[in-house]
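In: Sequence first, then the predicted structure:
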Amino acid sequence: MADRDGKIWYDGEMVDWRDATTHVLTHTLHYGMGVFEGVRAYETPKGPAIFRLEDHTARLFRSAKILGMALPFTPQQISQAHLDVVKANGLKSCYFRPMAFYGSGKLGVAPLKNDVRVIVAAWPWGAYLGDEGLEKGIRVKTSSFTRHHVNITMCKAKANGNYMNSILANNEATADGYDEALLLDVDGFVAEGSGENIFIIRKGKLYTPDLTSALEGITRDTVVQISKEMGLELVEKRITRDEVYSADEAFFTGTAAEVTPIRELDRRAIGDGNRGTITAEIQKRYFDIVKGLDAEHQHWLTYVN
Ligand SMILES: Cc1[nH+]cc(COP(=O)(O)O)c(CN[C@@H](CCC(=O)O)C(=O)O)c1O
């Protein structure tokens, strides 16, 4: 990634990719307290459009508030930075990484004297879990790592350090030949993927875990809206791993993962082991919306030009 061309928005300035660096004594590099987002822009008939930009910016600020970080820019400035980065790099579609971190200046646990730095980077990024995964579904393993207890770290903050838990889970799953991990909460109920929320479908009803130990996903919220428009009953409840085993369909949602079917959990085929029909419909509606092909959901799109 470091050898790319292009520009990155860094503390209010557009800098060359290679110059977007930080000191090795950057506080967040040592202690992991920072906040970030994953946002996507898609190519639409009216040019690039950023999906639910304001919602992502709002979550970035919510995450910072939860951690007690004061961001040195307004939400409007951060949202505008996304638009500027697309233009500066001439991107038609992309994945954004806005991130706020404590700079160098003082090491020691408390970052009180460290300035907060902010970047917005963007690059082309295809299917997070692979094109084949989008079409045929992915193989998932229940992780031996438990999702954080809600009072050990702040699960509603999309915080850099939270992702050590996700990395451990994802690394374990992929090392064992799976595509992604599913994490259980401290009580053994399904929480979420290492970077996604999860839905299951049984007898035509949609179920998703309540948000106790999971990130409040924007894609999850989009799918909740889509399911209502499809007339599907949606139940938010505690879900056990064997309810996933017994499901007719299952899928992950996330900005990076989009809507990725799960064809297998722990070597149990979900349904017939293929992308389910309801999943396929939700996935199609999702992609029509993000690609500007759905007139009813233009309010979720911020057009760059
Ligand atoms: C733990 C977690 N749970 C749920 C979600 C879904 O949230 P949303 O994108 O708002 O629907 C994400 C996003 N994971 C982001 C980071 C992936 C990565 O860093 O790699 C993403 O999908 O961009 C998570 O990281």
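Out: Okay, I see it. Numbering: from 1, shown residues only.
In: Low-confidence ranges, the protein, go.
Out: 1-3 (pLDDT under 70).
In: Excluding chain neighbours, what is closest to the closest residue to the ligand within it?
Out: Proximity to the ligand, evaluated over the chain using CB to the nearest ligand atom, is greatest for residue 38 at 1.9 Å. Glycine gets a C-beta too; all of them are placed from N, C-alpha and C. Once flanking residues are discounted, residue 38 sits nearest to residue 255: 4.3 Å by CB to CB, 6 or more residues apart in numbering.
In: got it, and residue 217?
Out: residue 197 (4.1 Å).
In: picking that back up, I'd like to know how many residues surround the residue nearest to residue 38.
Out: Neighbours of residue 255 under the rule other CB atoms under 10 Å: 23.
In: who's in contact with the nearest residue to residue 51 once chain neighbours are set aside?
Out: Counting by CB to CB, 6+ apart, the nearest residue to residue 51 once its immediate chain neighbours are dropped is residue 290, at 4.8 Å. Shown in contact with residue 290 (CB atoms under 8 Å, 6 or more residues apart in numbering): 40, 42, 49, 51, 258, 301.
In: Just list whatever residues bridge to the fifth one.
Out: When assigned by DSSP bridges, residue 258 has beta-bridge partners residue 254.
In: Next one: it relative to residue 59, how far apart?
Out: To residue 59, residue 258 is 18 Å away according to CB to CB, to the nearest Å.
In: before we move on, back to that, surely the residue nearest to residue 38 meets residue 215?
Out: No: Residue 255 is not in contact with residue 215 according to CB atoms under 8 Å; the separation is 10.8 Å.
In: Could you check stretch 34-49 and say which residues are buried?
Out: Using 16 or more other CB atoms under 10 Å as the test for burial, stretch 34-49 gives 34-42, 44, 48-49.
In: how about the helices in this protein?
Out: 27-31, 53-67, 75-89, 131-136, 163-175, 218-229, 241-245, 277-290 (DSSP state H).
In: which residues sit in contact with the residue nearest to residue 38?
Out: Per CB under 8 Å, 6+ apart, neighbours of residue 255: 38-40, 51, 56, 95, 218-219.
In: related to what we said a few turns ago, how close does the residue nearest to residue 51 get to residue 91?
Out: For residue 290, the distance to residue 91 - CB to CB - is 15 Å.
In: what sits against residue 190?
Out: Residue 190 neighbours (CB under 8 Å, 6+ apart): 182, 184, 198, 209, 238-241, 243-244.
In: Hmm, I typed the wrong one, I wanted residue 134.
Out: Per CB under 8 Å, 6+ apart, neighbours of residue 134: 127, 258-261, 283.
In: Closest to residue 115 out of these?
Out: residue 258 (35.2 Å; CB to CB).
In: Count the residues that sit near the closest one.
Out: Residue 258: 22 neighbours (other CB under 10 Å).
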